[in-house]
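Asks: structure of the sequence below:
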Amino acid sequence: MLIVKKTEHLEGRVKSPPSKSYTHRAVIGASLAEGKSIIYSPLWGKDCLSSVYGCRMLGAKINLSLKNDLWEVFGGDLKTPENIINVGNSGTTLRILTSISSQIPKGFSILTGDSSIRKRPMQPLLDALKQLNINAFSSKLDGTAPIIVESGKLRGNLVKIRGDVSSQFITSLLMLLPFNDEDTTLKLTTPLKSKPYVDITLDILKKFDINIEYEDNSFIVYGNQKYRPINYTVEGDYSSASYIIAAGILINSKIEILNLYADSKQGDKRFIDLVKEMGADIKVKKDRIIVEGEYNLNGIDIDAKDIPDLVPTLAVLGCFAEGTTRIYNAEHVRYKESDRLKACYTELKKMGADIEEKKDGLIIRGVKKLKGAKLNTYHDHRLVMAFTVAGLKAEGETVIDDESSVKISFPNFVEVMKSLGANITVN
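Replies: Take a look at the predicted model:
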């Protein structure tokens, strides 16, 4: 557990962790490319390592060099896995590899994960794969993992899927469809939520020489394309950096965060615009963010359709703002590692927050002061980090369970925060 105490000052220069989203897609794409790819500065988090493990099970040879901070991937030769693919807590790995594993030469792949993963919806993806002549189903017949996928040849030039359940389903299909012999139209039957994650997918696929067009809520994926090997350096992660930025906003600080690019396609870059709208006059440079807090914040209305991972951090900031912060269009946030809406409501209320849970969001009336409390994080890495930010500003001591879950996306979170002066200890 983490013991977090009120911190008066934060100062220093740190590097943002590499992007989780880009790392996943890069290592999976490299595993599909015939030849050698090198991924520099990957995220060494549990989720991304689940993708490494899954790709190895499907035939890729991957050498990891912690000393040189790179992954060397020899791909292009899919094989039938010799064992069950356990993705741990990684929904991205489960969703993408469910599609990719259909292209093994023969037999079946079985994919599963921890208790959280085995509750996450998969049926829309399974139904989409069926439209492409791929037999994939839940072993429990309830649309959740374990998922069994049979080797099969893609057939058909049209697949329809909802766009408002998980962008990971769309990413999974976009990475699979280049294997089709014919051009395929991927048509979304509802508006797309979390669109920036799909933009990341398209950006990475372009680097692998995969061409996809988008028009009228549909993607056109050209058939019979081949992934080409790449050498690629992973950019910094705005989602992970949001916790450092938020702490700097709330506390007297002088912080410089490197490896964050102003032209990034990451949807969570929007965090910068949102906190500026709240009143935090942070400085944005070409490849870094400068925070010199603390800032007086005002409550705002936030459409969370495309930024589900930012909701806990924004909820914390709302507690310290003047006025009301409304987070809406966020029902999909309930289907992450935890029900993040209910968790934020339940745990921040323990700290004295004036917070209301809605079906699709939260209403936070700023109280500008929280008190330390014992908090449950439901094994959710983003709750651990967001609640740590709350604890650094709260009066007294905050005890946060399951510190180890940060290894999923920001393995050295505690060390980075302590290097800036955060009063945190691991017990």
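Asks: S253 sits in which helix or strand?
Replies: In this structure, S253 sits in strand 252-258 according to DSSP states H and E.
Asks: could you give the mean pLDDT of whatever helix or strand comes next after that strand?
Replies: Toward the C-terminus, strand 252-258 is succeeded by helix 270-278 as the next helix or strand (DSSP H and E). In this model, helix 270-278 has an average pLDDT of 98.
Asks: list the buried residues of helix 270-278.
Replies: For helix 270-278, the neighbour count (16 or more other CB atoms under 10 Å) marks 270-272, 274-275, 278 as buried. The C-beta positions use only the backbone N, C-alpha and C, and glycine is treated the same way.
Asks: direction included, what does the strand holding S253 pair against?
Replies: strand 9-15 (parallel), strand 288-291 (antiparallel) (DSSP bridges).
Asks: residues of the longest one that come out buried?
Replies: When you say that, I think you mean strand 9-15. So, applying 16+ other CB under 10 Å, buried residues of strand 9-15: 10, 14.
Asks: likewise for the last one?
Replies: By neighbour count, with 16+ other CB under 10 Å as the criterion, the buried positions of strand 288-291 are 288-289, 291.
Asks: CSV please, covering those residues and showing distance to I212 and pLDDT.
Replies: Output for the buried residues of strand 288-291, formatted as CSV (distance: CB to CB, whole Å; pLDDT from 0 to 100):
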residue, distance to I212, pLDDT
R288, 31, 97
I289, 31, 98
V291, 37, 98
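Asks: let's have those in TSV, adding distance to L111.
Replies: Output for the buried residues of strand 288-291, formatted as TSV (distance: CB to CB, whole Å):
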residue	distance to L111
R288	39
I289	37
V291	40
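Asks: now flag whichever of these is closest to A241.
Replies: I289 (7.0 Å; CB to CB).
Asks: hang on, the closest one packs against I282?
Replies: Yes. I289 lies in contact with I282 (CB atoms under 8 Å); the separation is 6.1 Å.
Asks: tell me, what's touching the two both at once?
Replies: By CB atoms under 8 Å, 6 or more residues apart in numbering, I289 and I282 have these common neighbours: 245, 272.
Asks: need the strands paired with strand 252-258 in TSV with distance to T398, can you?
Replies: Listed next are the strands paired with strand 252-258 as TSV, based on distance: least, CB to CB, whole Å:
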stretch	distance to T398
strand 9-15	16
strand 288-291	21
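Asks: what domains does the record give for this structure?
Replies: Here the domain parsing of the chain from automatic domain parsing is 2-17+235-426, 20-220.
Asks: quick revisit: any chance of the buried residues of helix 270-278 in CSV, with distance to L188 too?
Replies: Below are the buried residues of helix 270-278 laid out as CSV (distance: CB to CB, whole Å):
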residue, distance to L188
R270, 21
F271, 26
I272, 28
L274, 26
V275, 31
M278, 32
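Asks: of the residues you listed, which is the nearest to V414?
Replies: In terms of CB to CB, no member of the buried residues of helix 270-278 lies closer to V414 than F271, at 21.1 Å.
Asks: who are the neighbours in contact with that closest one?
Replies: Contacts of F271 by CB under 8 Å, 6+ apart are 238, 242, 245, 307, 310, 313-314.
Asks: distance of it from A343?
Replies: Going from F271 to A343 by CB to CB, to the nearest Å gives 19 Å.
Asks: ok, now S405?
Replies: Separation of S405 from A343 (CB to CB): 13 Å.
Asks: can you report how many residues neighbour E8?
Replies: 10 (other CB atoms under 10 Å).
Asks: and the nearest residue to it once chain neighbours are set aside, what are its bridge partners?
Replies: Excluding its sequence neighbours, the residue lying closest to E8 (CB to CB, 6 or more residues apart in numbering) is N252, at 6.3 Å. Residues in a beta bridge with N252, per DSSP bridges, are H9.
Asks: show the contacting residues for N252.
Replies: Applying CB under 8 Å, 6+ apart, the residues near N252 are 8-10, 293-294.
Asks: can you redo those as a markdown table with pLDDT?
Replies: Conversion of those to a markdown table gives the following (pLDDT from 0 to 100):
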| residue | pLDDT |
| --- | --- |
| E8 | 97 |
| H9 | 98 |
| L10 | 98 |
| G293 | 95 |
| E294 | 96 |
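Asks: what is the most widely separated pair among those residues?
Replies: Most distant of these, by CB to CB, are E8 and G293, 11.6 Å apart.
Asks: find residues that contact each of those two.
Replies: Common neighbours of E8 and G293, using CB under 8 Å, 6+ apart, are 251-252.
Asks: what stretches of the stretch 301-427 of the chain score poorly on pLDDT?
Replies: For the stretch 301-427 of the chain, not a single residue meets the criterion pLDDT under 70.
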